[in-house]
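Chemist: Provide a 3D model corresponding to the input given below.
(2 chains)
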Amino acid sequence: MLSATGKNKLLSGLLFLLLLGLGALMLYPFLWMVSVSLERSSNIAVPFPPRLIPEQFSLFNYKLVFENGVLFKTYANSANIALFSVILSVSSALLAGYAFSRGEFRGKKLLYFAVLATMMIPFEARLIPMFTMFNDLGMINTKYPLIFPAIINALGIVLVKQYFDRLPEGLRESAKIDGANEFTIFVRIFAPLTGPITATLAILAFQDSWNSFLWPLVVINDQDMKTVPLFLSSFSSENGNRLVGVTMATAAMSILPIVLVFLFLQKYIIRSIALSGLKGE
Amino acid sequence: MSDHMTKATTLGVLDRKLLRNRNKIIRRQPTLAWYLFLLPTLIGIAVFMIYPLAESLRLSFTKGADEHYVGLENYASVLESGTFWYSVYNTLYITVFQLLIAIPVGFIIACLINNLRRGANFFKVLFYLPNVTSIVAAATVFLAVLHPDGPLNYVLQLLGFEKIVWLSQPLSAKWGAIILSVWHWLGFVIIINLANLQAISSDYYEAASIDGASRFRQWQYITLPNMLGSLTVLFIIGWIGGLQRFSDAYMLGGLQGSPARSLHTVVGFIFERGFGGNEYGLASAASYILFFFILVFTYINTKVTKMKI
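Modeler: Residues are numbered from 1 along each chain as shown, chains lettered A, B, ... in the order given. Have a look, this model is predicted:
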């Protein structure tokens, strides 16, 4: 007979193994993707039976992807767009969040309501006028339509407001007495304290930008301006069945940056997801 | 300084007169400065929210390149279109099963992770990983997973089932999309559930333990009732997201949602009519119909979460 603690230990060991099995199942498509991409014969047929260790290991598919160079062009486009989107959405959220947290002005409640209301408006309801607007401005096939709309960041504003609400009011008072104006106070005192929340917002904005698909599909059709998901989508629909190995190598390369960011900053990401979910957004 | 002249504050001990002056300075807030802080966001809302919404509404009453007024004709055409209703059916079908599978499974996995003494963070990362990747990359991988010679069929054959050519039949194609969306969304469900599970006060469990309630009874009578609200919210969030589904179905089924439009979604309909056929009026009407449904569920969601706005 096992003792009570022994039984508990056994149970939690089994639980751990069960979760490990389920986790492996979740991870399997990724592992298989990498395996297929490392198998030279995968461009003739899908390797069968499916295996996680390639039968003939080869970097051939990656070599093709690197030599082709289009993926790197799209990487540069996506990185460029992501950089400006992150700067725009984080800075506008910090500014607005500060005003809603510390400011007293006419229409504050109404404006905050307007910000929250933007969370309820689906992108699809604005899709066609957004396209015609950027089309009229001659900005189709440029990075601008993919950057400018990032300036609205309602969830970011809510998170920043709540973050600032917890900071002591005394911070502001002393600066005020020294004659500092609101902007100086924000830049010198509040903005430097926003490290964790800024990191969270930056990651969320980066993820949104890097993974975005529908809107880039609408405003980009020039091969040279394509973003990573657009390139992957067209490559996969044109070559998916013939060149499974190259397609999997391309897919693996496309998720590499976001997976690395996630693994390094998972603490922030998971917290932000929990927060945004609890908000009911 | 005598006692009645001073007051302790966060800044230390201050003279009363100084304090009055200080309060006066603090109270005098320049309103204009606050509007400047809000300027980027307000410009964004005006240009990328209010204008497009108004313009979309206007377009939904017009037709043709000259945008002549046709009243409710576009709405009538959309609502009479079999293609539209089939896209609604597809969208709802995929979403209903996605939620019915992902929410209970994610909830159970979250409960299991929550019971771990160590390693909870490791499992959070493991299960959440699919969700950080783009749906385009995920779908690209699943196109191969669902391949007739792919891993899914291999497992089915091992279990003694017939091989399924997933993306060739309407029903199996939809189930392919469901499997993809469950896999991609499960991590999100787990993270939200874990956050809510940790918010349940441990007092309840301690009291129940003292009363001799088993682990399962505790789950049944404490965890489950406390989580019903969160599960409902997850259902509504998933439902709102599901109504907007496009990328996964587009990746598996292309512009027309092949096979036989079985993967054509509502947003796919808007996209195809708007940008494939340049029917801005009709597509705008369809967007407003979708907007209306999303608004209804968002309203229900705010009621459920009792979000104060």
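
Chemist: okay, CA-based contacts and neighbour counts for the rest of this
Modeler: OK.

Chemist: and the longest helix anywhere in chain B, is it in reach of chain A?
Modeler: Secondary structure of chain B per DSSP state H: the longest helix is helix B:82-114. Yes: for helix B:82-114, a contact with chain A is found by CA under 8 Å from any CA of the partner chain, at B:109, B:112, B:113.

Chemist: which elements pack onto whichever helix or strand comes after that helix?
Modeler: With elements assigned by DSSP states H and E, the helix or strand that comes after helix B:82-114 is helix B:120-132. Using 3 or more CA pairs under 8 Å, 6 or more residues apart in numbering or on different chains; DSSP states H and E as the contact criterion, the elements in contact with helix B:120-132 are helix A:4-37, helix A:244-278, helix B:82-114, helix B:170-198.

Chemist: mind doing that once more with 6 Å?
Modeler: Applying 3 or more CA pairs under 6 Å, 6 or more residues apart in numbering or on different chains; DSSP states H and E, one finds that helix B:120-132 contacts helix B:170-198.

Chemist: and the helix it packs on with helix B:120-132, angle?
Modeler: 140 degrees (axes from the mean of the first three to the mean of the last three CA atoms, to 10 degrees).

Chemist: avg pLDDT for whichever helix or strand comes after helix B:170-198?
Modeler: Under the assignment DSSP H and E, the closest C-terminal helix or strand after helix B:170-198 is helix B:202-210. The pLDDT scores in helix B:202-210 average 90.

Chemist: so which bits of helix B:202-210 are buried?
Modeler: For helix B:202-210, burial by neighbour count (16 or more other CA atoms under 10 Å in any protein chain shown) applies to B:205, B:208.

Chemist: cool, and stretch B:271-283?
Modeler: B:271, B:272, B:273, B:274, B:279, B:280, B:281, B:282, B:283.

Chemist: what does that stretch rub up against?
Modeler: With CA atoms under 6 Å, 6 or more residues apart in numbering or on different chains as the test, stretch B:271-283 has contacts from B:59, B:60, B:62, B:63, B:74, B:270.

Chemist: just stretch A:83-93 next, same as before
Modeler: The contact list for stretch A:83-93, computed with CA under 6 Å, 6+ apart, reads A:147, A:150, A:151, A:153, A:156, A:157, A:202, A:205, B:40.

Chemist: and which of those residues is nearest to residue B:46?
Modeler: Nearest to residue B:46 among these is residue B:40, at 10.0 Å by CA to CA.

Chemist: how many other residues sit next to the residue in the stretch 201-309 of chain B positioned nearest to chain A?
Modeler: Across the stretch 201-309 of chain B, the shortest distance to chain A (CA to the nearest CA) belongs to residue B:287, at 4.9 Å. By the criterion of other CA atoms under 10 Å in any protein chain shown, residue B:287 has 27 neighbours.

Chemist: could you pull up the mean pLDDT of the helix or strand where residue A:86 lies?
Modeler: Assigned by DSSP H and E, residue A:86 belongs to helix A:70-102. Here helix A:70-102 scores 96 as its mean pLDDT.

Chemist: ok now that helix, how far from the chain's centre?
Modeler: 11 Å (CA atoms, centre = their mean, to the nearest Å).

Chemist: show me which residues of the stretch 101-250 of chain A are close to chain B?
Modeler: A:105, A:124, A:125, A:126, A:129, A:151, A:152, A:211, A:229 (CA under 6 Å from any CA of the partner chain).

Chemist: surely the fifth one and residue B:52 touch.
Modeler: Yes: using CA atoms under 6 Å, residue A:129 is in contact with residue B:52, at 5.0 Å.

Chemist: tell me how far the ends of stretch A:214-231 are from each other?
Modeler: With CA to CA, to the nearest Å as the measure, stretch A:214-231 spans 13 Å from end to end.

Chemist: run through chain B and note the low-pLDDT ranges.
Modeler: For chain B, the stretches with pLDDT under 70 are B:1-15, B:19, B:21-30, B:306-309.

Chemist: so which bits of chain B are right by chain A?
Modeler: Counting by CA under 6 Å from any CA, chain B sits next to chain A at B:31, B:34, B:37-38, B:40-41, B:44, B:52-53, B:56, B:133-134, B:136-137, B:151, B:192, B:287-288.
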